[in-house]
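Sequence first, predicted model second:
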Amino acid sequence: MKQIFTLALLCMAPLGLLAQQDCGHPQVVTPGTHSVALTAGSQVPSPICTNGTNNTISKGAWFAYTPTALHTTTVSTAASMFDTRVHIYSGTCGTLSCVGGDDDGGPAYTSIATFMAQANVTYYIVFDNNWEGTGEYSDNFSFTLTEAEFIAPAFTQQSVNINGITNCVVDMNGDYLDDIIGVDNGVVHILYQAANGSGFTPANLTSPNTMNMPYWSIAAGDYNKDGFNDLLYGSGGGGTVMLSNSTGTAFDAKLDTPESFLAQRTNFVDIDNDGNLDAFICDDNAANVYFLNTGNGGGSFKRSGINGAPDLGVYFSGGNYASLWTDYDNDGDIDLFIAKCRGANNDAAKDELHRNNGDGTFTNVAQELGFADFHQAWSSAWGDFDNDGYMDVLVGSNAGLDGSLFTQKLMKNNGDGTFTNITTGSGLDTFTGTSRDYVTHDFNNDGFLDILGGGHYILYNNGDMTFNIVNVAPGTGPVGDLNNDGFLDIQNGTTLHLGYDNGNNWLKIHLKGVQSNSNGIGARVEVYTSPDHKMIREIRSGDGFEYMGSLNAHFGLGTHETIEKVVVRWPSGTVDVIENAVINQSLLVAEGAFPLSVGEAGRELFSLYPNPAKDVLNISGDNLDIVKANIYDLTGRLVKTADVNDATVPVQQLAKGTYIIILNDKSGKQHTAKFIKE
């Protein structure tokens, strides 16, 4: 027996020696404390699952953990008091992917990594010698593995390798999937997203050198209308439009601003609504500037208010920080809000709201609408926070002057061209977080727009113009769907914060403009889950102060399982209506492919007379208070917009034919009917 026992020990010895050495021979662990031994000849962990410094590593210690139920699992070396680094993988040896990791997250440079561990899935817990020879390092230490009841995180982390200035997430190859962009002088680095959400394919696209790197802001859009997005850089010395070639494989031309100035927020937007994007740039020290697109990638440089250029922010000492283009008054044309900042009691700090008059001119209406104060804002978040069909706004706070101006400012759109300050009682009146960037998206897909801003916070919308303030890991950054799962993600440099799938439904809408600009920038997208429940989004190039996020329209649907219709109102005036869209899918809408039809009309309990009409159309109905009328021909093109007085609409200038009229009442509801012009 003694000989047999000795033989058994000899047979087991190689297994004991190999434990922890490599992925193929990990030490199996369960909750508890375990010893780590980093030895020469062991397998080096790859990929790296942490941010920060990467020194030369030559050792790894490998452990395998397979939970029997769903847990929130934590790996900690805090008790060891040694300088450690840990990576958490899933997958199989040779095809490992990061699910977590940490370097210096615990006291005294120790590691603490927490991750969602699914039942019967094997996770590899791997340590390395990244800090050998520095500080409190040892090849031998211990770690503790603990399991807790799973609580769904708002986000999970994933690391990516991307160089350059990383402040842009947008589709760069025409597949409508959000890609990750990093900008260096002479090259644009891109991580192209895989359609199945499995990862990214890197590429380096050459570009002309420029003095204007996007240190202050970046925007994206198809300026030269070749099907691939171009980039607009805002720098301390001016701005540059970087133009793609016709295959999207390089940037081969550029437009540099002819003057040097401190460029802040940049936007692509069709200012003159000719179907081509223009390039707008805030000037911190003078009137704002823009390139008016002359077609084929050309541009005529304009400074606001000079030589007949419209007033798009002309205050002589600037103060222009973040421009955002939105249709605040629902009249079908794009208006401009400028969040400003210049210090106490300086008129350059007064925010501006420029109403589009529909004739190529703009009027600053900030004073009468309650925006022109000394609030120190670097950006604003415009969205329909209460789903009433009108754009509300949170004017962010980057600094405080006194108690009344330190907080954010929440303004409710009353639907009649005015706003009411409802900050008090909203939850934002006691919130003192500050930051440059504020953007609004539905991060938990419950059907209400949330706000990212104020530092490491998300302001979760309760749907009644109140917000819960939640401290979360991600700071501000570009927002998009970076794993194509219908939940929005946030990029912070080389770290992605991926939105957690909480079971809520969603819809993504991709736009392809034809008569309008290619991206549909400036379009209004409406999703109806019932006749009385509508959500709206606008397609914008450049939200917040610095970043560029997705050009796709994203809607959280909560528990709604059906969509009655989707309506897209294009800058050209064309309206597309898509019936019974499928939830949890992406919908591509080409301009004019789903024209507003006669079948959409005639559903409301009101009447028009005379019908056919010659000069005037009268509106009759119970409890209707109509304030505006939009008239479309049967191709879906907007042919007339009119304010409604005394329940009449003049139609004498229309050509003979059949039309659809959409009437807007004071509550924001729309009423649709068909009429004939004789």
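Perfect, thanks for sending it.

Isn't residue 249 up against residue 205?
Yes - counting by Cβ atoms under 8 Å, residue 205 is a contact partner of residue 249 at 6.5 Å. The C-beta positions use only the backbone N, C-alpha and C, and glycine is treated the same way.

out of these two, which sits in the more crowded spot?
The neighbour comparison of residue 249 against residue 205 (other Cβ atoms under 10 Å) goes to residue 205, with 18 against 13.

Tell me the spacing between that one and residue 593.
31 Å (Cβ to Cβ, to the nearest Å).

what's the helix or strand harbouring residue 497 packed up against?
Following DSSP states H and E, one finds residue 497 within strand 495-499. With contacts taken as 3 or more Cβ pairs under 8 Å, 6 or more residues apart in numbering; DSSP states H and E, strand 495-499 sits against strand 155-159, strand 489-492.

can you put those strands in JSON lines and add mean neighbour count and distance to residue 18?
Below are those laid out as JSON lines (neighbours: other Cβ atoms under 10 Å; distance: least, Cβ to Cβ, whole Å):
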{"stretch": "strand 155-159", "mean neighbour count": "19", "distance to residue 18": "29"}
{"stretch": "strand 489-492", "mean neighbour count": "24", "distance to residue 18": "39"}
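
quick one, what contacts residue 364?
Residue 364 makes contact with 311, 352-355, according to Cβ atoms under 8 Å, 6 or more residues apart in numbering.

Out of those, which is nearest to residue 391?
Minimum distance to residue 391 across those is 11.3 Å, recorded for residue 353 (Cβ to Cβ).

where does this protein dip in pLDDT?
Scanning the chain for pLDDT under 70 picks out the ranges 1-17, 400-406, 472-473, 597-605, 622-623, 635, 668.

Which residue would you name as the spatial centre of it?
Central residue of the chain (Cα atoms, centre = their mean): residue 479, 3.2 Å from the mean position.

I'd say it and residue 489 touch.
Yes - with contacts counted by Cβ under 8 Å, residue 479 reaches residue 489, the gap being 7.1 Å.

can you list residues touching both of the two?
Shared contacts of residue 479 and residue 489, defined by Cβ under 8 Å, 6+ apart, are absent.

Walking through the protein, point out its helices one by one.
Listed in chain order, the helices found in the chain under DSSP state H are 2-18, 366-369.

hang on, the earlier thing: spit out the contact partners of the residue nearest to the centre of the chain.
169, 439, 441, 452, 488-491, 547, 549-550.

Residue 474 now?
When contacts are counted by Cβ under 8 Å, 6+ apart, residue 474 touches 155, 452, 456, 458, 490, 492, 497.

Next, count neighbours for residue 488.
Number of residues near residue 488 (other Cβ under 10 Å) recorded here: 27.

Hmm, it is touching residue 480, no?
Yes - in this structure residue 488 lies within contact range of residue 480 using Cβ under 8 Å: 6.9 Å.

list residues touching both of the two?
Common neighbours of residue 488 and residue 480, counting by Cβ under 8 Å, 6+ apart, are residue 550.

Count the neighbours of the closest residue to residue 24 other than its chain neighbours for me.
Nearest in space to residue 24, with sequence neighbours left out and distances taken as Cβ to Cβ, 6 or more residues apart in numbering, is residue 93 at 5.7 Å. For residue 93, the count of nearby residues is 14 (other Cβ under 10 Å).

Would you mind measuring from residue 93 to residue 26?
Going from residue 93 to residue 26 by Cβ to Cβ gives 9 Å.

swap in residue 434?
Taken as Cβ to Cβ, the span from residue 434 to residue 26 is 46 Å.

In terms of packing, which of the two has more residues around it?
Neighbour count, other Cβ under 10 Å: between residue 434 and residue 26, residue 26 has more, with 22 against 18.

how close does the more buried one get to residue 507?
From residue 26 to residue 507 the distance is 42 Å (Cβ to Cβ).

same deal with residue 634?
Using Cβ to Cβ, residue 634 is found at 27 Å from residue 507.

which of these two has more neighbours?
Remark: of residue 634 and residue 507, residue 507 carries more neighbours, 25 against 14, as counted by other Cβ under 10 Å.

What are the neighbouring residues in contact with the nearest residue to that one once chain neighbours are set aside?
Distances taken as Cβ to Cβ, 6+ apart put residue 555 closest to residue 507, at 4.7 Å, once the chain neighbours are dropped. By Cβ under 8 Å, 6+ apart, residue 555 lies in contact with 442, 447, 506-509, 527, 535, 537.

Specify the beta-bridge partners of the nearest residue to residue 67 once chain neighbours are set aside.
The shortest distance from residue 67 to any non-neighbouring residue, by Cβ to Cβ, 6+ apart, is to residue 117 (4.6 Å). Counting by DSSP bridges, residue 117 is bridged to residue 71.
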